[in-house]
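Engineer: okay, here's the prediction I keep looking at, along with the sequence it came from:
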Amino acid sequence: MYTYLLLIFLLFPFSLYSQSNKDSTTIVDSASVNSKKPFVMTKSPTGAIVRSLAFPGWGQWYVERYWKAPLFIGATAFTITNVVVSHNRYTTKQQEFDNSTNTLQKSVLLQQKENYRNQRDLFTFFTVLIYGIGAIDAYTDAHLFDFTVENLSYGKITPYTGTNGQVGLTMILEF
């Protein structure tokens, strides 16, 4: 029985189409079309991106997500600080490597120098990544600034005890 239904739905997929076709020749009252006011966004997404790229956290502050701004400022300050520290250590080891004449010491200095260079490059990547995430976050928050979630609720989660000692949770969603 199920195989026949599956075969019918596979061969005739248009039978699954559930939307109705509206007649495009229907006359629409021009007063009802003109009565709607166009939606104007309160916060500019482009402005949020530009602010976030100019200074990390400024875009989050602009879209009034004040708690996110210190997170982006702190993360960017941490990565930039590590870029500078790793670069300074790299240049120090480079100078020590150039001035060294001992072969064994040169190999150790070369390994340390490459380690600091890799750290510097990795923290530079993280800095760019944090800038990008901050810009995307500010852009998204600017788009969702006017969205309200007044009537949205998660419902209730209650414990459940069933037969044979079964224990679990039941969740009731309300829309």
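Structural biologist: Received, thanks. Numbers count the residues shown, from 1 in each chain.
Engineer: C-alpha from now on. contacts and neighbour counts both.
Structural biologist: Fine.
Engineer: ok, how many other residues are close to Ile130?
Structural biologist: 18 (other Cα atoms under 10 Å).
Engineer: hang on, it packs against Ala77?
Structural biologist: No. With contact defined as Cα atoms under 8 Å, Ile130 does not count as touching Ala77 (10.4 Å).
Engineer: can you map out the helices along this protein?
Structural biologist: Counting by DSSP state H, the chain has helices at residues 2-11, 30-34, 45-54, 58-62, 69-99, 103-143.
Engineer: now the angle from the last one to helix 45-54?
Structural biologist: When axes from the mean of the first three to the mean of the last three Cα atoms, to 10 degrees is applied, the directions of helix 103-143 and helix 45-54 differ by 160 degrees.
Engineer: tilt between helix 103-143 and helix 69-99?
Structural biologist: Going by the same axes, to 10 degrees, helix 103-143 makes 160 degrees with helix 69-99.
Engineer: tell me which strands and helices helix 103-143 is in contact with?
Structural biologist: helix 45-54, helix 58-62, helix 69-99 (3 or more Cα pairs under 8 Å, 6 or more residues apart in numbering; DSSP states H and E).
Engineer: and the fifth one, by the same measure?
Structural biologist: Applying 3+ Cα pairs under 8 Å, 6+ apart, we find helix 69-99 packed against helix 58-62, helix 103-143.
Engineer: for stretch 93-107, buried residues please.
Structural biologist: Judged by neighbour count using 16 or more other Cα atoms under 10 Å, the buried positions of stretch 93-107 are 93-94, 96-97, 106.
Engineer: now stretch 108-124
Structural biologist: 109-110, 112-113, 116-117, 119-120, 123-124.
Engineer: also stretch 129-146?
Structural biologist: 130-132, 134-139, 141-143, 145.
Engineer: circling back to that earlier point, is it possible to export the helices and strands packed on helix 69-99 to a markdown table including mean pLDDT and distance to Ala48?
Structural biologist: As requested, the helices and strands packed on helix 69-99 are exported to a markdown table (pLDDT from 0 to 100; distance: least, Cα to Cα, whole Å):
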| stretch | mean pLDDT | distance to Ala48 |
| --- | --- | --- |
| helix 58-62 | 94 | 5 |
| helix 103-143 | 95 | 5 |
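Engineer: got JSON lines for the ones you listed, with distance to Thr46 too?
Structural biologist: Shown next, in JSON lines, are the helices and strands packed on helix 69-99 (distance: least, Cα to Cα, whole Å):
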{"stretch": "helix 58-62", "distance to Thr46": "10"}
{"stretch": "helix 103-143", "distance to Thr46": "7"}
